[in-house]
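Engineer: Prediction below, plus the sequence it came from.
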Amino acid sequence: MTYDVAVVGASVGGCTAARLFAQRGAKVALIERKPDPKAYKTVCTHFVQPSATPVIEKLGLAGPLDALGANRNSLEIWTPHGGWIHGPPAEEEHGYSVTRRTLDPLLREMTAETPGVDLLTGTTVTGLTGRGVALRDGATVDAKVVVGADGRGSKVAQMAGIRGRVKPHGRFFYWSYYRDLEPRTARSRTWFLDPDAAYTFPNEDGLTVVLVAPHRDRLPEFRADLEGAYLRMVESLPDGPVLDGATREGKLLGKLDLPNVLRPAAKHGVALVGDAALSADPLWGVGCGWAFQSADWLVEETADALTGGGDLDAALARYRRAHFRRLAVHHWFVADISSGRPTNPVERMMFRAAARDEHVMRAFARVGARHEQPTAMFRPRTLARMVRAGA
């Protein structure tokens, strides 16, 4: 089996890379270890950042998501340092909130139907051959480049010897899905409680994810009485959701350890996208968005070299630099805050100002939507208004 690209992992990042590569004329093997083409990821915030919407539109995915009732999201954040920060309405710009049980099969089916893509389900990669990948059944897939889209614990990264910078996480997570949750709202809401956190993300079909992210110091409390500790924390949220009358759908899910990992996004013959390249605190809802975007960046940097006989190693190096330039600062800020440390005086001033001043709020929202680097908050005009409004 000979291809231009072997993509390992048929989730958001892998399907995006495969479809966009094929649309640029490449022959793609999309390799997925799960046998069911309708399989989907369960550990996810389901919140796709607005910065990823242009990629969703490029894929032709926006129309089907709207038809299936995916929520065009906008965000509100509550902090004890100023109360609510109300972001711009979804009519101005939006991302998507959609469950993975809807998103994953839809995107995988669209990708499998793309001319030039062969979807190989129930297929496990066991090694890199130097010119592709080896499969568990003894077969090989030859390819000019291997794309690791296989998540946080990327086997492709391990097999390629690509090591990451790891920053531990100071919180843990429990969440469940509720139907008919009050108050009824299409807006996603986050509580940054310093040091605990929580959020509610409305999705399609009237489902809302209700998640708590306590500081690790509270782990004994949750181990002693998981159900009670979860409900008490939700009930304590300022202006929080009312679970009475809502119907829980599914069990209470948890994740106790989600370290932040940043890896170099490419080396000779291998590229990483999505969580394989960068996995960050899920509280900020960046995983799916950066999976869409990093796959798009990879294709933009390498497709011409791949199909036109150019310098592929130079193209992969450009992608690695672009990925680091666009996301490294975001990663460092997110990882630092996810440690569970107390907010510092500058951050408290920023939260107060964003709750009071529209200019600061919009600057804050553009950083939160990942349109701007976090350093954008320190541009002279924004900083001056932040100091004045947050004093």
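Structural biologist: That came through fine.
Engineer: pLDDT score assigned to the nearest residue to residue 168 once chain neighbours are set aside?
Structural biologist: Distance criterion Cβ to Cβ, 6 or more residues apart in numbering; nearest residue to residue 168, sequence neighbours excluded, is residue 259 at 5.4 Å. Heads up, the C-betas are built off the backbone N, CA and C, glycines and all. Here the pLDDT value assigned to residue 259 is 93.
Engineer: now do residue 31
Structural biologist: pLDDT recorded at residue 31 is 98.
Engineer: Please work out how many residues are found near it.
Structural biologist: Neighbourhood size, residue 31 [other Cβ atoms under 10 Å]: 27.
Engineer: Contact partners for it?
Structural biologist: 6, 7, 8, 9, 10, 120, 123, 125, 133, 135, 141 (Cβ atoms under 8 Å, 6 or more residues apart in numbering).
Engineer: does it sit in a helix, a strand or a coil?
Structural biologist: Of the three states, residue 31 takes strand under DSSP: H, G, I helix; E, B strand; the rest coil.
Engineer: Show me what it is bridged to.
Structural biologist: Counting by DSSP bridges, residue 31 forms beta bridges with residue 8, residue 120.
Engineer: on contacts alone, who are the packing partners of the host helix or strand of residue 191?
Structural biologist: Secondary structure from DSSP states H and E places residue 191 in strand 188-192. Contact partners of strand 188-192 among helices and strands, from 3 or more Cβ pairs under 8 Å, 6 or more residues apart in numbering; DSSP states H and E: strand 75-79, strand 197-202.
Engineer: Which pLDDT value does the model give residue 239?
Structural biologist: pLDDT for residue 239: 94.
Engineer: give me every residue that touches the nearest residue to it once chain neighbours are set aside.
Structural biologist: With sequence-adjacent residues excluded and distances taken as Cβ to Cβ, 6+ apart, residue 239 is closest to residue 78, at 6.9 Å. With contact taken as Cβ under 8 Å, 6+ apart, residue 78 is in contact with 84, 85, 189, 190, 191, 192, 237, 238, 239.
Engineer: And for residue 161?
Structural biologist: Residues counted as contacts of residue 161 (Cβ under 8 Å, 6+ apart): none.
Engineer: where does it sit relative to residue 154, distance-wise?
Structural biologist: Distance, residue 161 to residue 154, using Cβ to Cβ, to the nearest Å: 12 Å.
Engineer: Isn't residue 246 up against residue 179?
Structural biologist: Yes: taking contacts as Cβ atoms under 8 Å, residue 246 lies within contact range of residue 179: 6.5 Å.
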